[in-house]
Structure formats: C-alpha cells, structure tokens
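# Fold the following, please.
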Amino acid sequence: RVSLHVLDVSSRTTKRIGSWRSIPAAAGPVRFIRLAFSPTGQRIAVAVATATPSSPVPVGQRLLLLESRSGKVVWQRTYPLRPMQNEVQVEFARPGVLVTSAQQGDTLLWSATSGRIERRFPVGGPFAVSPNGLLAAVARNSPNPLDPSASLALLDLSTGRQRSLEALPAAAWIVGLQFTPDAKRVVGASFEGALRVWDVASGSIEQTFSGQSSGMNLAVLPGGSAVVSGSQGGSVTAWSITGAHRLGRTFRWNVPTMGCPSAPCLAVNPQSTLMATNQADGTIALIDLHTHKVVGTLPARNGSIGIALAFFPDGRTLATGGLNGHVTLWDVSTRSVERTLRFPDPVVWAAVSPDGRLLAVQTQPRGKPGSRVEVRDLSSRAVLYRRTLRSGGDRGGLSFSPDGRELAALGCCERGSFVKVWAARSGTELYDHQGFATRIAFSPRGGLLGVGTTDGRLVLLNADDGKQPQSPIQVATQSLVSISFSPAGRLFAATSEDL
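Alright, predicted model coming up:
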C-alpha cells in the first residue's frame, strides 16, 4: 500500500489522510503515486497506480480529488489505460481545471468540480503546465526503454495545437519538466542525469548541465534563477540557469567531428576569461568563458594537427605548436601572429614560465621512440638547454613550478614512464621519479608536484627534492588523463579513462 501524509510546516506535525493498494515495494522505486495541490491549496489531486511484480507498467489506475485537511474524497475515477501506458502524472492548470498525462497515453483535461474529462489530446508523457495555465510542455518518450529517445512538444491547452521543440540529443527519456516563472524557458531532466533548458520561442536547447548519475525530478526556484534536481543516488544538486554561476554547464562550439584529436586539448588563460582548444583540422577555437561563445578561430599554422597550447601570464599571448615543428605566438586580442619559432620535429607540448620569459617545448621525432625538451629565453631568443627523454612519444607533459625555478617533464609510455625535474634556467637535473606517470601538475603554492599514474593513482611529491610525503591517493582504476589543483592547493580534480 501507499499512504499520503500532509505536513504542517509551522507545527512540524504530520497527518495521514489516505492509503491505497498499489505496487509492491519490492518491485522497484516508489513512483506509482503522483499528486498536485490545487491553486488554493484546499484540495489535492492524487493518481494511484496498481501493478503486478511482473508488469513493467500499471495494470490499473485511479484518479482522486481529496480535501487536503481531512482527506475526504470529493470524487474518484477509474483512469483510462492504453496498452503499455505508464503511470499518470497530474497537475492543475488553473482553478477548476486538472491536467493529466501518461507516457504512451493521452493528455486529458478534467473538470476539477465534476471529475469529468473535458478535452483529450493525442500526446502523452511527463509534462509541465506554464504559469498562466495555457500551455503544456509534454515529453514524447519512445516506447522501448532499451532503445530510449525523446522529444518535446509544446501543447496549447485551448486549441490543441502542438509545436515540436528540439529533440533530446541523448539516448534517454525525459523524466521531469518545469517552466521558468516567466514561461520563456522549459527545464527538463532525463534519466541519464543531464538537465537541459529549452528556449520556448526558438524551440532550441540553450543550456545543458551534467554531473548527476541519474535524473529523477526537478524544481525551478520561485525567482527562476536556479533549478534543483534529484537523483536515484540520493543527491540533490542546485544549478544556476541565469548565467551567474557556470559550474556544471555543458556547451558546444563546433560539430563533434571537429573535436580535438588528443586530450587534454585545451588551455585556459590565467584570468579564466578565455579558453583555447585545438580542432581536428589544426585550427584553434577561442571561446569566451563568460558567454560560452566562439570569439575567434586561429588558422592552422602549425600543421594539420595542432597539439601544444600554452597561455602567457598576461592572458593575451597564446603559444600553439603542432606537427610541422612550428610554435606560433599569437596576440589573441587581435588574432595576429607575434612570432614563429621553428623546431626540427613535431611539437607535442609547450609551457611558459610564470614570468613569461622562458618557453619550454617538447618535441617527438617521427617514427622514433623518445622525446626532446628544449628551453628558450624569449627575450634573447637563445636556446638555454636541450634534454633528451627516452620516452614521451605516446604522452608528454611540461610544467613550470609557480615560482618559475623548476621545470618538470613527463615521458610516457612506450619505453617506461617517468618524470624529470630540472632547474628551469640552467637545466641542472634536480631529481626524477619512476612509476608509470601519465600526467603532472604543480600545486599553486609550489610545495607539491602531483603525478597521475596508469593505475589511477595520484602521487604527491615534495617539489624541492622529489620525496613522497604521503601514500598515493587512489582516484580511479585506469590511467589519469588530467589533474588540476585548486587555487589554495588543498583540493585536486582529476579525470581518468574510467570516470
């Protein structure tokens, strides 16, 4: 059975006002009762489904209208079911008008006074009613959960006219919808965990948020500035949909076939205002991190694939390198070339010292193992030193310490994997670290050098002498792809091949 309780928020007391036979609890999550308060709060519409343990959908459904204080039944109706119709959702459109809808069923308008069906529309699924009660956003989910897909329809509840919005760009069902208070946008949750925002006027998806393991339901806050979503794992996440906070937001600037050929494939300037990312044709896209829009594209001056990216401390100069052995220094504000540096082999990594005076470049000879690191003084244009690594053709890496005194280089993975650390200006070797390294990064305050490994661990080294002050941290089970420390150096973020 399922029970309905009302909670008096002021006194913090509860009262059970109804109980009905429903699906056995052992059959799955409790999702077979849906309810909605009337606009005055005096009544509650309740949809109760019954099912057998072997049935994936309800075998029976009832719709009731109750007095919210006493639980007294005002009216009760047997709900019309179609084959494979899912449980019914219910919402009041305006005083006296009740809306119900079910996946693989219809959307119905009921008289809340008489309990009679007044209109029937041939579209059904999870839905939301606009604040003025005139429109409904209805999810059109596919019938087969093993081959999920979904689209969104905007239904005029007065005329019955429908307008299609952009389809869900993922193999999933839409499980929850809600309008923003101004009715200009619809927010939807899908069961793969993503949250999307549709623009009602254009019909397009304008924002995507991700990060939860599975979507269950959502609620837009009264001011319309944020949305709260819940997951089956028990987490509740708040997302900003006004642009004030950008965490968790997914955005795109090109088609998937133009994605970068290797990871990591981006660099963010120190001011966190601009991102540069290499693209499949060797060009470099520049994205404004406030607007999430492309503000420029740099031509492919470094060959068909541009791999190396590094911003200078001023955030205005960007170093790019690629297969033709060139490193190009760009003024990103004017999109003009400041200087071109030439190297004998393809450039796979670049790093700029914190004072902007030194450029470190890692190259990899074609068809040969190993790699080479070269450090140049940008003022005098002199080569300060060159160092050869026995590995680095598969995966490389360079990082200056925050004080600019040390340079760490990564060689991975065809002939072992290791990290070398030199005095940045002289090239004197300070220490090395053996141990299946895949990524390196200094902590912002310079006390630690983080080393990601092929078995998913983060090894923390003393940046001065290479000693390990603590045991490695197990982050994942496969290779770490990237690591990054928080500004204070107390937290780190990592991605891996299995995360």
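# Pull the number of nearby residues for the residue nearest to Leu448 when sequence neighbours are not counted.
Leaving aside its sequence neighbours, Leu448 sits nearest to Leu460 (Cβ to Cβ, 6 or more residues apart in numbering; 5.1 Å). All C-beta atoms are positioned from the backbone trio N, CA, C, and that covers glycine. The number of residues packed near Leu460 is 18, by other Cβ atoms under 10 Å.
# And for Gly193?
By the criterion of other Cβ under 10 Å, Gly193 has 22 neighbours.
# same deal with Ala201?
Residues lying near Ala201 (other Cβ under 10 Å) number 8.
# residues in contact with the nearest residue to it once chain neighbours are set aside?
Residue nearest to Ala201 in three dimensions, not counting chain neighbours: Lys184, with 7.0 Å by Cβ to Cβ, 6+ apart. Contacts for Lys184 (Cβ atoms under 8 Å, 6 or more residues apart in numbering) come out as Asp199, Val200, Ala201.
# Which pLDDT value goes with Lys184?
Lys184 is assigned 94 on the pLDDT scale.
# Relative to Leu195, how far out is it?
Distance of Lys184 to Leu195, given as Cβ to Cβ, to the nearest Å: 17 Å.
# For the residue of the chain positioned farthest from its centre, give me its contacts.
For the chain, the residue at maximal distance from the C-alpha centroid (Cα atoms, centre = their mean) is Ser114, at 46.0 Å. If you count contacts by Cβ under 8 Å, 6+ apart, Ser114 has them with Trp75.
# Then it would be within a strand, right?
No - read with DSSP: H, G, I helix; E, B strand; the rest coil, Ser114 is coil and lies in no strand.
# please renumber so the chain begins at 304
Done: numbering now begins at 304, and the last item shifts to Ser417.
# can you pull out the strands in the stretch 554-703 of the chain?
Per DSSP state E, counting those that start in this stretch, the stretch 554-703 of the chain carries strands over the ranges 569-571, 577-581, 587-591, 596-601, 609-614, 620-625, 629-634, 639-645, 650-655, 661-666, 674-680, 686-692, 698-703.
# immediately after the last one, which helix or strand?
Think strand 698-703. Scanning forward in sequence from strand 698-703 by DSSP states H and E, the next helix or strand is strand 709-715.
# how far out from the middle of the chain is that following strand?
Chain-centre distance of strand 709-715: 30 Å, with Cα atoms, centre = their mean, to the nearest Å.
# cool, and stretch 602-620?
26 Å.
# tell me the mean pLDDT over that stretch?
The pLDDT scores in stretch 602-620 average 88.
# that older thread, how about the residue nearest to Leu751, secondary structure?
Under three-state DSSP, the three-state class of Leu763 is strand.
# For it, give its distance to Pro559.
Taking Cβ to Cβ as the measure, Leu763 and Pro559 are separated by 36 Å.
# where does the chain have its least confident helix or strand?
Least confident element among the helices and strands of the chain, by mean pLDDT, DSSP states H and E: strand 552-553 (a mean of 63).
# Just give the nearest non-adjacent residue to Gln392, would you?
With Cβ to Cβ, 6+ apart as the criterion, Gln392 has its nearest non-adjacent residue at 5.0 Å, and that residue is Arg337.
# still on that earlier bit, check whether the residue nearest to Leu751 really touches Gln771, as I assumed.
Yes - Leu763 lies in contact with Gln771 (Cβ atoms under 8 Å); the separation is 6.7 Å.
# for the protein, what are the low-confidence residue spans?
Within the chain, the segments meeting pLDDT under 70 span 326-335, 514-519, 535-538, 546-553, 564-567, 695-697, 716-719, 801-802.
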